[in-house]
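Colleague: coords please:
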Amino acid sequence: MNEPVAHSGVWILALIMIVVASWYLYKYMAPTSWHEWAGAGVVQAFIIALYAEMYGFPLTIYLLARFGGLDRTELNANLWSSLLGIGETGMMIAMVLGYILLFLGVGLFFQGWRQVYKARQENRLVTDGLYALARHPQYTGLFIALFGEGIVHWPTVFSVGLFPVIIFIYYRLSLREEKKVIAEFEEEYLAYKAQVPMFIPRIVQWKSFFKQAQM
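Modeller: Reported below is the predicted structural model:
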(Lines give C-alpha, C1' and ligand atoms only; values in the text may rest on other atoms or scores of the structure.)
Protein backbone atom coordinates (compact mmCIF):
# COMPACT_ATOMS: atom_id res chain seq x y z
CA MET A 1 0.00 0.00 0.00
CA ASN A 2 1.72 3.13 -1.23
CA GLU A 3 -1.27 5.48 -1.44
CA PRO A 4 -1.69 8.22 1.19
CA VAL A 5 -4.53 7.74 3.65
CA ALA A 6 -7.02 10.57 3.91
CA HIS A 7 -7.93 12.21 7.24
CA SER A 8 -4.67 11.48 9.06
CA GLY A 9 -1.56 13.28 10.27
CA VAL A 10 -3.32 16.00 12.30
CA TRP A 11 -1.37 15.36 15.50
CA ILE A 12 -2.18 18.71 17.13
CA LEU A 13 -5.89 17.88 17.02
CA ALA A 14 -5.18 14.37 18.31
CA LEU A 15 -3.28 15.83 21.29
CA ILE A 16 -6.05 18.33 22.05
CA MET A 17 -8.75 15.63 22.01
CA ILE A 18 -6.68 13.31 24.23
CA VAL A 19 -6.02 16.05 26.79
CA VAL A 20 -9.65 17.26 26.90
CA ALA A 21 -11.16 13.77 27.11
CA SER A 22 -8.63 12.68 29.76
CA TRP A 23 -9.30 15.80 31.85
CA TYR A 24 -13.03 15.11 31.94
CA LEU A 25 -12.38 11.44 32.68
CA TYR A 26 -10.31 12.10 35.81
CA LYS A 27 -12.38 15.09 36.92
CA TYR A 28 -15.69 13.27 37.05
CA MET A 29 -14.64 9.69 37.72
CA ALA A 30 -12.26 10.90 40.46
CA PRO A 31 -10.52 7.56 41.18
CA THR A 32 -9.50 6.99 44.80
CA SER A 33 -8.62 3.30 45.16
CA TRP A 34 -6.11 1.42 43.02
CA HIS A 35 -9.01 -0.52 41.47
CA GLU A 36 -10.54 2.76 40.28
CA TRP A 37 -7.17 4.01 39.04
CA ALA A 38 -6.71 0.77 37.10
CA GLY A 39 -10.10 1.18 35.42
CA ALA A 40 -9.47 4.84 34.60
CA GLY A 41 -6.02 3.92 33.24
CA VAL A 42 -7.50 1.42 30.79
CA VAL A 43 -10.10 3.97 29.68
CA GLN A 44 -7.30 6.50 29.18
CA ALA A 45 -5.38 3.98 27.06
CA PHE A 46 -8.56 3.55 25.01
CA ILE A 47 -8.82 7.33 24.56
CA ILE A 48 -5.16 7.73 23.55
CA ALA A 49 -5.28 4.86 21.05
CA LEU A 50 -8.57 6.08 19.60
CA TYR A 51 -7.63 9.71 18.93
CA ALA A 52 -4.06 8.92 17.95
CA GLU A 53 -5.46 6.81 15.12
CA MET A 54 -8.45 9.04 14.36
CA TYR A 55 -6.36 12.17 13.75
CA GLY A 56 -2.76 10.93 13.72
CA PHE A 57 -1.49 7.66 12.30
CA PRO A 58 -4.12 5.11 11.09
CA LEU A 59 -2.29 2.06 12.46
CA THR A 60 -5.27 -0.28 12.07
CA ILE A 61 -5.60 0.49 8.35
CA TYR A 62 -1.88 -0.05 7.78
CA LEU A 63 -1.90 -3.35 9.67
CA LEU A 64 -4.87 -4.60 7.67
CA ALA A 65 -3.23 -3.46 4.43
CA ARG A 66 0.02 -5.19 5.39
CA PHE A 67 -1.27 -8.42 6.91
CA GLY A 68 -5.01 -8.60 6.14
CA GLY A 69 -5.04 -8.19 2.39
CA LEU A 70 -6.68 -4.75 2.48
CA ASP A 71 -5.08 -3.10 -0.54
CA ARG A 72 -7.18 -0.48 -2.28
CA THR A 73 -6.13 2.67 -4.08
CA GLU A 74 -8.58 4.90 -2.19
CA LEU A 75 -8.16 4.13 1.48
CA ASN A 76 -9.67 6.21 4.25
CA ALA A 77 -8.41 6.34 7.82
CA ASN A 78 -11.87 5.19 8.95
CA LEU A 79 -12.02 1.39 9.16
CA TRP A 80 -15.69 0.98 8.21
CA SER A 81 -15.47 3.13 5.09
CA SER A 82 -12.30 1.30 3.99
CA LEU A 83 -13.66 -2.21 4.64
CA LEU A 84 -17.02 -1.52 2.98
CA GLY A 85 -15.52 0.53 0.17
CA ILE A 86 -17.98 3.41 0.52
CA GLY A 87 -15.48 6.18 1.23
CA GLU A 88 -16.66 9.48 2.65
CA THR A 89 -20.28 8.29 2.77
CA GLY A 90 -19.37 5.39 5.03
CA MET A 91 -17.29 7.65 7.26
CA MET A 92 -20.19 10.11 7.56
CA ILE A 93 -22.69 7.37 8.48
CA ALA A 94 -20.32 5.93 11.09
CA MET A 95 -19.67 9.41 12.48
CA VAL A 96 -23.37 10.30 12.87
CA LEU A 97 -24.31 6.98 14.49
CA GLY A 98 -21.23 7.07 16.70
CA TYR A 99 -21.87 10.63 17.89
CA ILE A 100 -25.51 9.82 18.71
CA LEU A 101 -24.32 7.01 21.00
CA LEU A 102 -21.49 9.15 22.36
CA PHE A 103 -23.79 12.01 23.38
CA LEU A 104 -26.38 9.64 24.87
CA GLY A 105 -23.65 7.93 26.87
CA VAL A 106 -22.12 11.20 28.06
CA GLY A 107 -25.59 12.41 29.06
CA LEU A 108 -26.17 9.27 31.11
CA PHE A 109 -22.75 9.57 32.72
CA PHE A 110 -23.15 13.19 33.82
CA GLN A 111 -26.75 12.80 34.93
CA GLY A 112 -25.77 9.76 37.01
CA TRP A 113 -22.82 11.66 38.48
CA ARG A 114 -25.08 14.59 39.40
CA GLN A 115 -27.56 12.31 41.18
CA VAL A 116 -24.83 10.52 43.13
CA TYR A 117 -23.20 13.80 44.13
CA LYS A 118 -26.51 15.18 45.43
CA ALA A 119 -27.26 11.95 47.37
CA ARG A 120 -23.82 12.03 49.01
CA GLN A 121 -24.39 15.60 50.11
CA GLU A 122 -27.61 14.45 51.78
CA ASN A 123 -26.01 11.25 53.11
CA ARG A 124 -28.63 9.00 51.58
CA LEU A 125 -28.88 6.08 49.17
CA VAL A 126 -29.77 7.18 45.64
CA THR A 127 -32.57 5.01 44.23
CA ASP A 128 -34.51 7.52 42.12
CA GLY A 129 -33.99 8.99 38.64
CA LEU A 130 -31.59 6.93 36.57
CA TYR A 131 -30.82 4.79 39.60
CA ALA A 132 -34.42 3.57 39.66
CA LEU A 133 -33.70 1.95 36.28
CA ALA A 134 -30.10 0.73 36.68
CA ARG A 135 -27.80 0.43 39.69
CA HIS A 136 -24.77 1.81 37.85
CA PRO A 137 -26.06 4.19 35.13
CA GLN A 138 -22.77 6.11 35.11
CA TYR A 139 -20.94 3.02 33.93
CA THR A 140 -23.71 2.23 31.46
CA GLY A 141 -23.22 5.70 30.02
CA LEU A 142 -19.46 5.17 29.88
CA PHE A 143 -19.91 1.89 27.99
CA ILE A 144 -22.34 3.44 25.48
CA ALA A 145 -20.09 6.46 24.90
CA LEU A 146 -16.97 4.35 24.35
CA PHE A 147 -18.88 1.95 22.08
CA GLY A 148 -20.21 4.82 20.01
CA GLU A 149 -16.87 6.56 19.62
CA GLY A 150 -14.44 3.61 19.57
CA ILE A 151 -16.47 0.88 17.85
CA VAL A 152 -19.15 2.53 15.72
CA HIS A 153 -17.51 5.84 14.79
CA TRP A 154 -13.82 4.96 14.64
CA PRO A 155 -12.92 1.34 15.43
CA THR A 156 -9.25 0.52 15.87
CA VAL A 157 -7.35 -2.61 16.87
CA PHE A 158 -6.85 -1.18 20.35
CA SER A 159 -10.34 0.27 20.91
CA VAL A 160 -12.02 -2.98 19.85
CA GLY A 161 -9.62 -5.01 21.99
CA LEU A 162 -9.85 -2.78 25.07
CA PHE A 163 -13.63 -2.35 25.06
CA PRO A 164 -14.50 -5.77 26.57
CA VAL A 165 -11.62 -5.35 29.03
CA ILE A 166 -13.13 -2.06 30.20
CA ILE A 167 -16.53 -3.68 30.67
CA PHE A 168 -14.98 -6.49 32.73
CA ILE A 169 -12.95 -4.09 34.89
CA TYR A 170 -15.96 -1.90 35.69
CA TYR A 171 -18.13 -4.92 36.34
CA ARG A 172 -15.65 -6.05 38.98
CA LEU A 173 -15.39 -2.51 40.31
CA SER A 174 -19.19 -2.33 40.58
CA LEU A 175 -19.22 -5.49 42.71
CA ARG A 176 -16.66 -3.97 45.09
CA GLU A 177 -18.62 -0.73 45.30
CA GLU A 178 -21.80 -2.61 46.10
CA LYS A 179 -20.13 -4.42 48.99
CA LYS A 180 -19.28 -1.05 50.53
CA VAL A 181 -22.82 0.26 50.02
CA ILE A 182 -24.31 -2.90 51.53
CA ALA A 183 -22.09 -2.43 54.59
CA GLU A 184 -23.46 1.10 54.98
CA PHE A 185 -27.13 0.73 54.06
CA GLU A 186 -27.61 -3.04 54.56
CA GLU A 187 -31.21 -4.17 54.02
CA GLU A 188 -32.21 -0.98 52.19
CA TYR A 189 -29.65 -1.61 49.46
CA LEU A 190 -30.29 -5.35 49.31
CA ALA A 191 -33.98 -4.70 48.66
CA TYR A 192 -33.04 -2.13 46.01
CA LYS A 193 -30.54 -4.53 44.41
CA ALA A 194 -33.18 -7.25 44.13
CA GLN A 195 -35.45 -4.95 42.11
CA VAL A 196 -33.07 -2.99 39.84
CA PRO A 197 -30.72 -4.39 37.13
CA MET A 198 -27.00 -3.68 37.32
CA PHE A 199 -26.25 -1.93 34.01
CA ILE A 200 -29.03 -2.60 31.50
CA PRO A 201 -32.56 -1.38 32.23
CA ARG A 202 -35.51 -3.52 31.30
CA ILE A 203 -36.60 -3.14 27.67
CA VAL A 204 -39.71 -1.12 28.51
CA GLN A 205 -37.55 1.34 30.51
CA TRP A 206 -35.01 2.27 27.84
CA LYS A 207 -37.04 5.21 26.55
CA SER A 208 -37.27 6.71 30.03
CA PHE A 209 -33.59 5.92 30.62
CA PHE A 210 -32.40 7.94 27.62
CA LYS A 211 -34.97 10.68 28.18
CA GLN A 212 -33.42 11.37 31.57
CA ALA A 213 -29.96 11.46 29.98
CA GLN A 214 -31.11 14.36 27.79
CA MET A 215 -32.05 16.37 30.90
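Colleague: How about the contacts made by the residue nearest in space to the middle of the chain?
Modeller: With distances taken as C-alpha atoms, centre = their mean, residue 146 lies nearest the centre of the chain, 2.2 Å away. Contact partners of residue 146, counting by C-beta atoms under 8 Å, 6 or more residues apart in numbering, are 43, 46, 105, 159, 163, 166. Every C-beta, even on glycine, is put in place using the N, C-alpha and C of the backbone.
Colleague: name the element it belongs to?
Modeller: helix 137-147 (DSSP states H and E).
Colleague: I'd like the average pLDDT over that helix.
Modeller: The average of the pLDDT scores along helix 137-147 is 96.
Colleague: next one: stretch 56-63
Modeller: 78.
Colleague: before we move on, back to that, roughly how far does the residue nearest to the centre of the chain sit from residue 181?
Modeller: 25 Å (C-beta to C-beta, to the nearest Å).
Colleague: hang on, the earlier thing: max pairwise distance over the contacts of residue 146: which two?
Modeller: Distance extremes for those: the farthest pair is 105 and 159 at 14.3 Å, using C-beta to C-beta.
Colleague: Flag the shaky bits of the protein, pLDDT-wise.
Modeller: 1-8, 68-77, 85, 87, 215 (pLDDT under 70).
Colleague: Give me the distance between the top helix by length along it and the centre of its chain.
Modeller: In the chain, taking DSSP state H as the definition, the longest helix is helix 87-121. Chain-centre distance of helix 87-121: 8 Å, with C-alpha atoms, centre = their mean, to the nearest Å.
Colleague: One more: stretch 168-182?
Modeller: 18 Å.
Colleague: neighbours around residue 106, how many?
Modeller: By the criterion of other C-beta atoms under 10 Å, residue 106 has 18 neighbours.
Colleague: Then residue 21?
Modeller: When neighbours are counted by other C-beta under 10 Å, residue 21 comes out with 18.
Colleague: surely it meets residue 47?
Modeller: Yes: contact criterion C-beta atoms under 8 Å: residue 21 and residue 47 qualify, at 4.9 Å.
Colleague: give me every residue that touches residue 167.
Modeller: Residue 167 makes contact with residue 143 under the criterion C-beta under 8 Å, 6+ apart.
Colleague: Quickly find the element holding it.
Modeller: helix 157-185.
Colleague: Buried by neighbour count: which residues of that helix qualify?
Modeller: Within helix 157-185, the residues that count as buried by 16 or more other C-beta atoms under 10 Å are 158-159, 162-163, 166-167, 169-170, 173-174, 177-178, 181.
Colleague: What's the first helix or strand after that helix?
Modeller: helix 187-195.
Colleague: And that next one, what does it pack against?
Modeller: Packed against helix 187-195, as judged by 3 or more C-beta pairs under 8 Å, 6 or more residues apart in numbering; DSSP states H and E, are the following elements: helix 157-185.
Colleague: now the helix it packs on against helix 137-147, angle please.
Modeller: 180 degrees (axes from the mean of the first three to the mean of the last three C-alpha atoms, to 10 degrees).
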